[in-house]
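J.: the amino acid sequence is not available; the structure is as follows:
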């Protein structure tokens, strides 16, 4: 019985993350900088990280990234998404585990690390294409760091509400 509840929770949280990713895909953001997104699905991921743990957050994150990636992006963009997701979740888990930071700091660091990871991947791709890495870093880095902070804080605001209002106890699962 408990395993059924656990699977049901994970299914619902994955569905919520995919739905938030879909909503995000409908919102046009045109800052003339590729890669700037709201990261709404991160609200669900933060909730999973704080309520269940890293293993569950990793599973939900990767499944969400694959599902959204196959529906809304190209296979090449999926590489950016998966790498950004993996690094950002790792950074968030490390910062959360330290116990010294709030969900707001954890989320902002996740947003920044996601954007920087995607920028590094783009830098490697552009180096192979002959573009200047310095130009990429000086132009995109400040904007993507600021976007990561702002969207991270915004997502943390909503995730924090969920974390405080919806408590999942181990005896429920």
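T.: Cool, got the structure. Since this is a predicted model, take the numbers as computed values, not measurements. Numbers count the residues shown, from 1 in each chain.

J.: wait, residue 89 sits on residue 110?
T.: Yes. Between residue 89 and residue 110 a contact is recorded at 7.1 Å, counting by Cβ atoms under 8 Å. C-betas here are computed from N, CA, C, even on glycine.

J.: what mean pLDDT does the longest helix seen in the chain get?
T.: In the chain, assigned by DSSP state H, the helix with the most residues is helix 133-165. Helix 133-165 comes out with an average pLDDT of 84.

J.: can you name every helix or strand that that helix contacts?
T.: Counting contacts by 3 or more Cβ pairs under 8 Å, 6 or more residues apart in numbering; DSSP states H and E, helix 133-165 is packed against helix 41-51, helix 103-129.

J.: ok, back up a step: have a look at residue 89 and residue 110 and say which one is more surrounded.
T.: residue 110 (31 against 25; other Cβ atoms under 10 Å).

J.: what confidence value was assigned to the more buried one?
T.: Looking at residue 110, its pLDDT is 94.

J.: likewise the one 5 residues further on?
T.: Predicted confidence (pLDDT) for residue 115: 88.

J.: my guess is it contacts residue 144, does it?
T.: Yes. Counting by Cβ under 8 Å, residue 144 is a contact partner of residue 115 at 3.8 Å.

J.: which one's more surrounded, the two?
T.: Set residue 115 next to residue 144 and count neighbours by other Cβ under 10 Å: residue 115 wins out with 28 against 24.

J.: now do the more buried one against residue 53, distance only.
T.: 25 Å (Cβ to Cβ, to the nearest Å).

J.: do residue 12 as well
T.: Residue 12 is 17 Å from residue 53, by Cβ to Cβ.

J.: where does the residue nearest the centre of the chain land on pLDDT?
T.: Centroid check for the chain by Cα atoms, centre = their mean gives residue 42 as the closest residue, at 4.4 Å. Note on residue 42: pLDDT of 90.

J.: equivalent analysis for the one 5 residues further on, please.
T.: Residue 47 is assigned 93 on the pLDDT scale.

J.: over to residue 29?
T.: Per-residue pLDDT puts residue 29 at 68.

J.: what's the answer for the one 5 residues further on, then?
T.: Reading off the confidence values, residue 34 has pLDDT 63.

J.: related to what we said a few turns ago, what angle do the longest helix of the chain and helix 103-129 make?
T.: Comparing the axes of helix 133-165 and helix 103-129 via axes from the mean of the first three to the mean of the last three Cα atoms, to 10 degrees yields an angle of 150 degrees.
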